[in-house]
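1. I'd like to go over a predicted model; first the sequence, then the structure.
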Amino acid sequence: MGDVLKVVNVNKKFDKDYVLRNVSFDLKEGEILGLVGPNGAGKTTLMRIIVGLIKKHGGDIFFCVDKNKIKRDEKLLGCMIETPKFYSYMNAYQNLKFFSGLSGKVDRKEINNMLSFVGLSSEVKKKVKKYSLGMKQRLGMALAFLNHPKILILDEPTNGIDPDGIKKIRDYLKKLAEQEDVAVLISGHILAEIEKVCDRVVILKKGKVTEVVDMQEKNFDDKIFAFETDEMDEFMDLLKQKNIVIEDIKNNLIKVRLQKENLMRFIKDLVLKDINFYSVYEVKNDLEQKFLNSTGGDENV
Ligand SMILES: Nc1ncnc2c1ncn2[C@@H]1O[C@H](COP(=O)(O)OP(=O)(O)OP(=O)(O)O)[C@@H](O)[C@H]1O
Ligand SMILES: [Mg+2]
């Protein structure tokens, strides 16, 4: 899969302060790439630079489709940055017709299909000033998806959307990526949500990329299991004997890296050695752990 977007050493200063420092990463065809970081990390600023809303910055943004470097183009990009602004005195259909018309042909059927897909069919005639936050977000998504862009840039798209709507959007993004090779850059604060949809996740802190997490790794044989024990010393001795990697220790909780098929053997060893443990579970949400490790963990997500 080729790269469709290359972010190369992007820097941005507001007044005297750098809010982005040498940010580089690639986005591949058919890939869903997450962008996470504490409030103020620079996610929205970076997305505004990528879509061309901020023109003055250091570094480069390259779009490469069909192996050719091409210019930024509305038909190539669909985006939703922060809560979208629509004309409040127009209804949903009129807004979509107006904004999608700016970037090319407007297809009435396509607009209606999209409005129905995002669950706004029954609200089409309502003026946007009467919309709730979630309804405005849904309309923003409809606009981003119109005209079949090759790249989607979505800044906290599910903010304010109910769980049913979130699942629908998640499934749709996966379908677009898998079946139509659409590339998606998506930011958000709900890590469990980002984890469900993304192939890789870029972690940003104070304008710098601190880590790029490959979510596919989670499907490899190694898993992380958490054990709760009040016999930590004995537990640690056994781990040492068995050469098992310790991921984290906090109070009575110890996280270890094991292949799933070795878990039963290790539990049997614990029982044979008479080492107490009260619970064991697979730690699924390790994006959260990586985020906390990578950002220092003392700030808002
Ligand atoms: N127009 C602006 N003028 C001056 N400073 C700005 C401007 N826009 C953003 N900033 C600053 O740039 C930094 C990054 O802001 P940005 O909105 O990109 O963060 P974010 O990661 O999207 O945060 P959040 O999670 O809260 O949405 C912040 O320190 C912010 O105060
Ligand atoms: Mg933001």
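-> Perfect, I can see it now. Ligands and ions are numbered 1, 2, ... in the order given.
2. could you list every residue that touches the closest residue to residue 84 other than its chain neighbours?
-> Nearest residue to residue 84, sequence neighbours excluded (CB to CB, 6 or more residues apart in numbering): residue 140, at 3.7 Å. C-betas here are computed from N, CA, C, even on glycine. By CB atoms under 8 Å, 6 or more residues apart in numbering, the contact set of residue 140 is 80, 83-84, 157.
3. for residue 225, same thing?
-> Contacts of residue 225 (CB under 8 Å, 6+ apart): 255-256, 258, 263, 280-283.
4. go again using 7 Å as the cut-off
-> Contacts for residue 225 were tallied using CB atoms under 7 Å, 6 or more residues apart in numbering; they are 256, 258, 263, 280-283.
5. what helix or strand does it sit in?
-> Take DSSP states H and E as the rule and residue 225 turns out to sit in strand 222-228.
6. tell me what the next helix or strand after that strand is packed against?
-> Next in sequence after strand 222-228, counting helices and strands by DSSP H and E, comes helix 232-241. Helices and strands touching helix 232-241, as assessed by 3 or more CB pairs under 7 Å, 6 or more residues apart in numbering; DSSP states H and E, comprise strand 253-259.
7. The strand it packs on versus strand 222-228: what angle between them?
-> If you take axes from the mean of the first three to the mean of the last three CA atoms, to 10 degrees, strand 253-259 sits at 150 degrees to strand 222-228.
8. For residue 5, give the beta-bridge partners.
-> The bridge-partner assignment for residue 5, based on DSSP bridges, gives residue 27, residue 63.
9. Can you list the residue ranges for strands in the stretch 101-250 of the chain?
-> Per DSSP state E, counting those that start in this stretch, the stretch 101-250 of the chain has strands spanning 151-154, 183-187, 200-205, 208-214, 222-228, 245-250. These are given in chain order.
10. returning to what we had before: quick one: which of the contacts of residue 225 is nearest to ligand 2?
-> Nearest to ligand 2, judged by CB to the ion, of the contacts of residue 225 is residue 283 at 28.0 Å.
11. Spatially nearest residue to the closest one, not counting backbone neighbours?
-> Counting by CB to CB, 6+ apart, the nearest residue to residue 283 once its immediate chain neighbours are dropped is residue 224, at 4.3 Å.
12. can you count the residues close to that neighbour?
-> 19 (other CB atoms under 10 Å).
13. ok, now which ones touch the closest residue to residue 110 other than its chain neighbours?
-> Counting by CB to CB, 6+ apart, the nearest residue to residue 110 once its immediate chain neighbours are dropped is residue 146, at 6.5 Å. Applying CB under 7 Å, 6+ apart, we find residue 146 in contact with 96, 100, 110-111, 114.
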